[in-house]
Every structure is written in structure tokens, then in C-alpha cells.
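J.: Mind folding the following:
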Amino acid sequence: MRSRTPLLFTLLSLLLVALFVVDLAVGSVRIPLSEVWAALTGGETAATTVKIVRSIRLMKALVAIMAGAALAVSGLQMQTLFRNPLAGPFVLGISSGASFGVALLLLGAPLLGWSGSALFSTLGVAGAAWIGAAAILTLIAVVSRRIKDIMVILILGMMCSSGVDAVVQILQYLSHEGALKSFVIWTMGSLGDVTELQLWLLSAAVVVGLATAVAVIKPLNLLLLGENYARTMGLSIRRARRMIFLSTTLLAGTVTAFCGPVGFIGLAVPHLARMLFRSADHRTLMPASALTGSCVLLLCDILSKGLTLPINTLTALMGIPIVVWVVFRYKQLA
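T.: Modelled structure (predicted):
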């Protein structure tokens, strides 16, 4: 088993590099690998090629790597914290909160005549989504300080998400066609709408979120055996929850803000990592999930360019079979 793990990490790393290179080469205009290399290193190639590779495809590939790793790690943390194989990074209301923020910006502002105001122009879709996600998770975090039962917190998060979704649907019903179209396009998810400044913000948030996730590896391993056992081992459950909530907010919340609600990566990829590495130890699962998530989202980006489909449709088609397998597997074990 120990000799198998380094081999799998090596193969995943090589696969990540290969998918990254392919993602830079393919698209509406196919670019030979030699020209991709020249564009990246400053060699002799057409100015159009340099612009396509550096300004468009390189940005999307980097976003795919970071978003895949962030969503997979946040999903792993949620599944361990709630001890539920079907928990994902959006169970606490991240997706609903982000959708609410974007709905207020794209659907609510035009209804109130505020769409042209300086505040809404400065805020932008990404800022509105992040504020919405952070607001919902802040509310859940405040509630969790008073409630010890983690399943009650899960139910409250789901109820909060349902309430927010209802308000979003009301805004959709009342909104004009143009605003509704913009909102629907955002819900499909996209890796190509991130600007250079937003890429720096996304990178900083993901790095801090992943560092926080690494810091809670030991608490996550203890929580696998139950909260009562973790308490007897001296773990502060409330502090561990706060750290996990913070990491999830930074990882899934920020990715949702900049890329839209990209589904199934956080739910399915941790199970894929468990199948590959046959381990429940988060010292292995954490980097394995991050690498696998990056590879899966890069593959989805490559396929989305070839098939001209939204990224969310492909992540769903890849993730649904894994989720179905998980449901049947746990039903057989029950």
C-alpha cells in the first residue's frame, strides 16, 4: 500500500501536467505544442497566438486547477465533518448564498432602478456572489456556537438554502428577460470569465483555504471516529468546526463567486480519490482529492471546448455515475 501511494501521486501529477498542456493547445483554434511553448517562453510566434495562449487559455487552465482542487478539498471536509458521503461543499448554503448575492445584483437591482449605480457597478457579479456566500455561512457559524449537534446544523443550513432559493425564484419570476438571461448564464458556471485581478484574488483565497485545510488534517482524522472520541482525545470540536467552516468558505465560496456554481466536483471527487488510494487517512486524501479535482476539471474544460457545452453539464455527467455508485455501495453496507 505504501509503495502504491507514491506511484499514484506521481501518475496523477503527470496526468495533471499533460491535461494542462492539452488544455492550452485545444480550443476553437488548435495550436501546435511547439507554438504553445514559444508563446509561454517568449519565442518566435504570431502575436495572435501569444494572446490566445497567455491571455485566454492559460488563465482558464490555471482557474481550472485551482477551482478543482478547492472544490474537492472543501467537499472532503464536509463529508468528514457531517459523516455523510453525500455531503458537498454547498450543504451549508454556499451555492444558495452566492446565487442570492448574484440575484440581488442582476435581478433585484434593475427592478429597483439601481442597476446603473456606482455601488453595483463596482461590486460586480463575483463580489456579490462572495458576499452572499459569506453572509450565509457567517449566519450558520454563529448558530453553530450555540448548537452542539452537527446534524442539526446541517438541517438548518439546508433550510436556510431552501429559503434563499425561494427568494431567488421570486426575483427570477419578477425580472426582465435580459436580466434573467444573465443570471441563468452565471448559474451554468464558467472558467473563462475571471480577469487577471480576480485571478490573483482567487489564488490568494485558495492558498489560504488550502493552508487552513492542511491545518485541520489531524482533527478531520479524529472526527472520522466520532465527535465523542475526538473530545476524549482533547480536540476542541467548536474550534475544529470554525476552522473547517472558514476553509470551506474561502475555497468553495470564492470559486463559486468567480466561476459560478460548478457542481459535483466537491461531491464526487473525494470518493474518486478514496477509490484510487484506498485510504481514509486525510494526510493522503487531502492532496489526493486536490490533485484529482484539478485533473477532472481540466478534463471537463477540454471537453467543454470541444463539445461547446457549459462546464456544469460536463461535471454533472461525470459526477452523477460516481454519486449513484456511492448510494448503492452504502445501501449494501447498511
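J.: In the stretch 201-334 of the chain, where is pLDDT below threshold?
T.: 330-334 (pLDDT under 70).
J.: Can you show me the helices along it?
T.: Per DSSP state H, counting those that start in this stretch, the stretch 201-334 of the chain carries helices over the ranges 217-223, 227-232, 237-248, 254-259, 265-277, 282-307, 311-333.
J.: Specify the angle between the last one and helix 282-307 in degrees.
T.: Read it as helix 311-333. Our comparison of helix 311-333 with helix 282-307, counting by axes from the mean of the first three to the mean of the last three CA atoms, to 10 degrees, yields an angle of 140 degrees.
J.: Which elements pack onto helix 311-333?
T.: In terms of contacts (3 or more CB pairs under 8 Å, 6 or more residues apart in numbering; DSSP states H and E), helix 311-333 is packed against helix 265-277, helix 282-307. The way it works is simple: take the backbone N, C-alpha and C, and place the C-beta from them, glycine included.
J.: now do the first one
T.: With contacts defined as 3+ CB pairs under 8 Å, 6+ apart, the secondary structure elements packing on helix 217-223 are helix 58-82, helix 227-232, helix 237-248, helix 282-307.
J.: Next, the buried residues of the longest one.
T.: Read that as helix 282-307. Residues of helix 282-307 classed as buried by neighbour count (16 or more other CB atoms under 10 Å): 282, 284-305.
J.: Distance-wise, check Leu86 relative to Val262.
T.: According to CB to CB, to the nearest Å, Leu86 stands 18 Å off from Val262.
J.: Compare the two (neighbour count), which wins?
T.: Val262 (28 against 14; other CB atoms under 10 Å).
J.: Apart from its neighbours in sequence, what residue is nearest that one?
T.: Excluding the flanking residues, the one nearest Val262 by CB to CB, 6 or more residues apart in numbering is Gly189, at 4.4 Å.
J.: Ok, Pro85 next?
T.: Val326 is the one closest to Pro85 (CB to CB, 6+ apart), at 5.3 Å.
J.: Then Ala46?
T.: Glu35 (7.8 Å).
J.: next one: Ala70
T.: Leu251 is the one closest to Ala70 (CB to CB, 6+ apart), at 3.9 Å.
J.: How many neighbouring residues does the one you found have?
T.: Leu251 has 30 nearby residues by other CB under 10 Å.
J.: for it, what are its contacts?
T.: 70-71, 73-74, 89, 205-206, 209-210, 213 (CB atoms under 8 Å, 6 or more residues apart in numbering).
J.: Okay, now stretch 81-99: how far is its last residue from its first?
T.: Across stretch 81-99, the terminal residues are separated by 24 Å (CA to CA, to the nearest Å).
J.: Does anything pack onto the host helix or strand of Ala141? Which helices or strands?
T.: Assigned by DSSP states H and E, Ala141 belongs to helix 118-144. Counting contacts by 3+ CB pairs under 8 Å, 6+ apart, helix 118-144 packs against helix 94-103, helix 150-174, helix 237-248, helix 254-259.
J.: right, and these - which one's nearest Ala46?
T.: helix 254-259 (29.5 Å; CB to CB).
J.: before we move on, the earlier item: and the helix or strand where the residue nearest to Ala46 lies, how far from the chain's centre?
T.: Per DSSP H and E, Glu35 falls inside helix 33-41. Relative to the centre of its chain, helix 33-41 is centred 30 Å away, using CA atoms, centre = their mean, to the nearest Å.
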